[in-house]
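Q: A structural model of the following input is requested.
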Amino acid sequence: MIRTLFFGIKSFRKNHELIWQLSRREISLRYSGSFLGIIWSFINPLAMLMVYSFVFGTVFKARWGTVATDSHNYTILLFVGMLCHGLFAECLGKSATLIVGNSNYVKKVIFPLDILPWTVIGAALFHFFTGLIVLSGLQLALTKELSWAIVYLPLVLIPFILFLAGLSWLVSALGVYFRDINQLVGMITAIMMFLSPVFYSIDSIPEKFRPYMLANPLTLVIEQARQILVYGSAPSPDALLNISAIGLLSALLGLWFFNKTRRGFSDVL
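A: Here you go, the predicted model:
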């Protein structure tokens, strides 16, 4: 595992410029040819927020502790959950066909295939940060203030990125050998939206089910992100320790599995 750790760090440092260029290309290709271009990255989260706020806040009247579903705080709480799940869903969704979709790189012996998941994460982070800008504008418009606690966000985001990198290495490698993984990932991301506290408070979960909910890494990330972005306070040290341990373990196992299976990519493709 130590060898895997050093390999991952060395590869990232050596190829960071290539990762940056491929991430930029990934973003530009997504909006290539569209009239509004990159503006869609701001429109999409706002449109989805309006829909979900109406469905869960107005139609279903979902409870969020003492927060009224028609209040400004409910909208902001919902948006933070959507941003975290959106980052997870985009990384996982694109990873399923990442190697298959870039089979031309597999034939190039000198190309570092292990950096491809970083390009997916880079593009997903771009959309996360555009959503964060929208969230900040929303907070200013609705509450007239922004919290300084946002400086704590990297403490949650960096371990979360490591967790996503591990999943991306794992899923992209499996996607070469098992083409059904693409369908499975789509189902998992949809299920995780409702099994994570995106639309509801963790306090609304019956006591006997909470340990299972808290075992979900997305729950920890979403709850701590809300603690920072909505409630304006520092994240829990225990939660940060758990997120960091999960993130590091995920990255190590994912990269180890990717390196073990990459030798057969060219034979399958």
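Q: could you list the low-confidence segments of the chain?
A: Judged against pLDDT under 70, the low-scoring parts of the chain cover residues 1-2, 5, 33-37, 56-72, 108-109, 269.
Q: so which residues of it form strands?
A: When secondary structure is read from DSSP state E, the chain shows no strands.
Q: list the residues that contact Glu223.
A: With contacts defined as Cβ atoms under 8 Å, 6 or more residues apart in numbering, the neighbours of Glu223 are Pro197, Ile202, Ala239. C-beta: built from backbone N, CA, C; applies to glycine.
Q: what sits closest to Gly232 if chain neighbours are left out?
A: Using Cβ to Cβ, 6 or more residues apart in numbering and skipping residues adjacent in sequence, the residue nearest Gly232 is Ser147, 3.3 Å away.
Q: just want the phi and psi numbers for the one you found.
A: Dihedral angles of Ser147 (phi, psi; degrees, to the nearest 10) stand at phi -90, psi 140.
Q: would you mind measuring from it to Gly93?
A: Applying Cβ to Cβ, to the nearest Å, the value for Ser147 to Gly93 is 31 Å.
Q: got it, and Ala215?
A: As it turns out, when the distance is counted by Cβ to Cβ, Ala215 lies 23 Å from Gly93.
Q: between those two, tell me which one has more neighbours.
A: Set side by side, Ala215 and Gly93 show more neighbours around Gly93, with 17 against 10, by other Cβ atoms under 10 Å.
Q: any idea how far the more buried one lies from Leu29?
A: Relative to Leu29, Gly93 is positioned 16 Å away (Cβ to Cβ).
Q: also Met193?
A: Shown here: Met193 relative to Leu29, a distance of 26 Å by Cβ to Cβ.
Q: of these two, who's got more company?
A: Neighbours of Met193 and Leu29, each counted by other Cβ under 10 Å, are more numerous for Met193; the result is 18 against 10.
Q: now for Glu145, how many residues are close by?
A: Taking other Cβ under 10 Å as the neighbour definition, Glu145 ends up with a count of 8.
Q: before we move on, what about Leu229?
A: Other residues lying near Leu229 total 24 when counted by other Cβ under 10 Å.
Q: gap between it and Leu83?
A: For Leu229 relative to Leu83 (Cβ to Cβ), the value is 9 Å.
Q: anything in contact with each of those two?
A: By the contact definition Cβ under 8 Å, 6+ apart, Leu229 and Leu83 are jointly contacted by Leu135.
Q: residues contacting the residue nearest to Gly232?
A: Contacts here follow Cβ under 8 Å, 6+ apart; on that basis Ser147 touches Ile228, Leu229, Tyr231, Gly232.
Q: I figured the second one hits Gly131, correct?
A: It refers to Leu229. No. Taking Cβ atoms under 8 Å as the contact criterion, Leu229 and Gly131 are not neighbours in contact, 11.2 Å apart.
Q: going by distance to Ala89, which of the contacts of Ser147 wins?
A: Looking at these and their distance to Ala89, the nearest is Leu229, at 19.0 Å (Cβ to Cβ).
Q: for the closest one, give me its contacts.
A: Ile76, Val80, Leu135, Ser147, Ala149, Ile150, Leu153.
Q: the fifth one: neighbour count?
A: Going back to what we said before, that points to Ala149. As a burial measure, the neighbour count of Ala149 was computed by other Cβ under 10 Å and equals 16.
Q: same check on the second one?
A: Around Val80 sit 21 other residues, with neighbours defined as other Cβ under 10 Å.
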